[in-house]
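1. Coordinates for the following, if possible.
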Amino acid sequence: MRVLGIDPGLTRCGVGVVEGVAGRPLTMIGVGVVRTPADAELGDRLVAVERGIEQWLDEHSPGFVAVERVFAQHNVRTVMGTAQASAVAMLCAARRGIPVALHTPSEVKAAVTGSGRADKAQVGAMVTRLLRLDAPPKPADAADALALAICHIWRAPAQNRLQQAVAAHRAPRAAGPLGASRTPGAARTPRGSAAPGAPRSTAAPGATGTPGDPAAPGPTGTSGASSTPGTSSTPGTPRTLKGRIA
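-> Numbering: from 1, shown residues only. This next block holds a predicted model:
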């Protein structure tokens, strides 16, 4: 694995190429700094950063590019310049189809020195030791670029396995059992059970009438109409009123 580490900046943009695999000695291929004049126009400085990074990509043909992730600082002007140079670096890599990885300064320090609060001198000393150099790279931006490349080589295998595990875990949930999809929150109704709140039928077996229908015949075959107790009437016989002659 060959990685180009980029420590973005407008005045000094550190670049370093490291080759190797996790668990084995690493080799430095090249290290340097892309410089731009502080009194130049912003657009011209960004063009100079782009040309410098393009030259490193042409010369070393890395398989990955590791860029330091920009974090908030009190100096807004410095943050803006670093973010602009970082965007140029990612653009150059994406234009060539090279994968780009972002690492925070704490991640890089922890990977190289074992402490996320290490200072630049400690980072430079560990980079010198890991790459078997005679002296720490100068300036510190160059050492930071090499540290970024080392960090990516060591962290990339674990990150790839984690991403594959997450993708494999999400795949069965997306497909669902037998390809069937269910609406979230929908409850299943047991077979043979009535829905909550539905009225139950109390009709006797064999009755065809609807409960509550006065015209429907009851279980004994009589009409659902009620009559006064003790009074019987013959169907078809007219009633007579008291006091009147029929």
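2. what helix or strand does Gly14 sit in?
-> strand 12-19 (DSSP states H and E).
3. Tell me which helix or strand comes right after that strand.
-> Next along from strand 12-19, by DSSP H and E: strand 27-35.
4. could I have the helix or strand just after that following strand exported to CSV, CA atoms only?
-> Next in sequence after strand 27-35, counting helices and strands by DSSP H and E, comes helix 42-60. Extracted in CSV, the C-alpha atoms of helix 42-60 (Å, rounded to 0.1, in the frame of the first residue of the first chain):
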residue,chain,number,x,y,z
LEU,A,42,-5.8,33.7,-2.8
GLY,A,43,-6.7,32.2,-6.1
ASP,A,44,-3.1,32.1,-7.2
ARG,A,45,-2.0,30.4,-4.0
LEU,A,46,-4.7,27.7,-4.5
VAL,A,47,-3.5,27.1,-8.0
ALA,A,48,0.1,26.8,-6.8
VAL,A,49,-1.1,24.2,-4.2
GLU,A,50,-2.9,22.3,-6.8
ARG,A,51,0.1,22.2,-9.2
GLY,A,52,2.4,21.0,-6.4
ILE,A,53,0.0,18.2,-5.4
GLU,A,54,-0.5,17.2,-9.0
GLN,A,55,3.3,16.8,-9.4
TRP,A,56,3.5,14.5,-6.4
LEU,A,57,0.6,12.4,-7.7
ASP,A,58,2.3,12.1,-11.1
GLU,A,59,5.7,11.2,-9.7
HIS,A,60,4.7,8.7,-7.0
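5. All the strands of this protein, residue numbers only.
-> 2-7, 12-19, 27-35, 64-68, 100-103 (DSSP state E).
6. And the ones you listed: which comes nearest Trp56?
-> strand 12-19 (5.2 Å; C-beta to C-beta). Where C-beta positions appear, they are placed from N, C-alpha and C, glycine not excepted.
7. just checking, what packs against the closest one?
-> Secondary-structure packing of strand 12-19 (3 or more C-beta pairs under 8 Å, 6 or more residues apart in numbering; DSSP states H and E): strand 2-7, strand 27-35, helix 42-60, helix 140-175.
8. Only the buried residues of the longest one, if you could.
-> To tie it back to what came earlier, the one meant is helix 140-175. 140-156 (16 or more other C-beta atoms under 10 Å).
9. How about the contacts made by the closest residue to Leu46 other than its chain neighbours?
-> Once flanking residues are discounted, Leu46 sits nearest to Val88: 5.6 Å by C-beta to C-beta, 6 or more residues apart in numbering. Taking C-beta atoms under 8 Å, 6 or more residues apart in numbering, we find Val88 in contact with 8, 46, 49-50, 53.
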